[in-house]
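**Q** Show me the folded form of this:
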Amino acid sequence: MRNIAALAALILLAGCDTAGNWGWYVIDPTTPKGMSNITFLLNGFGATILLSVIAAGLSMVIGLLVALPGMSSNRWIRLPSRIYIEFVRAIPLLPMLFWVFYGLPVVLKSMGISVSIDAFWGAVITLAISDSAFTAEIYRSGIQSIAKGQSEAAKTIGLTYTQTMRYVILPQAIRRILPPLANQFIYIVKMSAFASVIGMQELTRRANELVVTEYRPLEIYSLLILEYLVLVLVISFFVRWLERKMGADESR
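**A** Numbers count the residues shown, from 1 in each chain. Predicted coordinates for the structure are as follows:
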């Protein structure tokens, strides 16, 4: 309890200027300056959402392409999938982001491919690759949770492996893995903040720039936390609605 009280006192002191006043005026919507700062911060929502949606979409596609060979009975088909998953999961996101943004263009240039990667696509590629390893494991667990009798029944009616996956296994697996997939999307939304270090104008970058000009980190970062909280709550609400919708469809 004492530690909590001390922490609260420290936060209160950090939020006060030398005159003992809070600095909430920097984000006061009743003043032109405060409203301008709030608008500047809110304009980062679009970049954050677009980055997260594209990265999540690519991650789901890559994850599925990695997961399916990983369940093969052939060791040599299964091995590359396992190597990819273990390798990607072991790399922290920030070093991977630096390598993709600064290093990948150099590697491509050495191969005779001249490609420049801007901050947005550098962040998209990094988040998609980093998350795909976790998504692949989610797919694998979901697919393997479906009874083998489902696949055997599909074979008896003449369905190919691709048709079995498309029409029988994946529709059932998606319903089961929707919650962990939603968690991964929320993870991508939060990890998109790392894009600020390579100059992308998303929520965190805008907050950092405002802190440099206004010198009120507590107030500005408090609003930033609130922005992420609202975004995650909206995503959670949508996922729960989707779960109920898919659950209702499954029960019929």
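
**Q** give the contact list for the residue most central in space within the chain.
**A** Nearest to the geometric centre of the chain sits Ile188, at 0.7 Å (C-alpha atoms, centre = their mean). Contacts for Ile188 (C-beta atoms under 8 Å, 6 or more residues apart in numbering) come out as 52, 55-56, 59, 127, 131. To be clear about C-beta, it is placed using only N, CA and C from the backbone, and glycine gets the same treatment.

**Q** now with 6 Å?
**A** Going by C-beta atoms under 6 Å, 6 or more residues apart in numbering, Ile188 touches 52, 55-56, 127, 131.

**Q** Give me the number of neighbouring residues for Leu218.
**A** 17 (other C-beta atoms under 10 Å).

**Q** That one in helix, strand or coil?
**A** Assigned with DSSP: H, G, I helix; E, B strand; the rest coil, Leu218 falls in the helix class.

**Q** where does it sit relative to Tyr102, distance-wise?
**A** Distance of Leu218 to Tyr102, computed by C-beta to C-beta, to the nearest Å: 32 Å.

**Q** try Gly112
**A** Taking C-beta to C-beta, one finds Gly112 at 19 Å from Tyr102.

**Q** Can you pick out the residue with more neighbours from the two?
**A** Tyr102 (12 against 6).

**Q** Which of the three states applies to the more buried one?
**A** Classification of Tyr102 using three-state DSSP returns helix.

**Q** The one 3 residues further on too?
**A** Of the three states, Pro105 takes helix according to three-state DSSP.

**Q** nearest spatial neighbour of it, skipping sequence neighbours?
**A** Ile117 (5.5 Å; C-beta to C-beta, 6 or more residues apart in numbering).

**Q** which parts of stretch 63-81 are buried?
**A** Neighbour-count burial for stretch 63-81 flags 63-64, 66-70, 81 (criterion: 16 or more other C-beta atoms under 10 Å).
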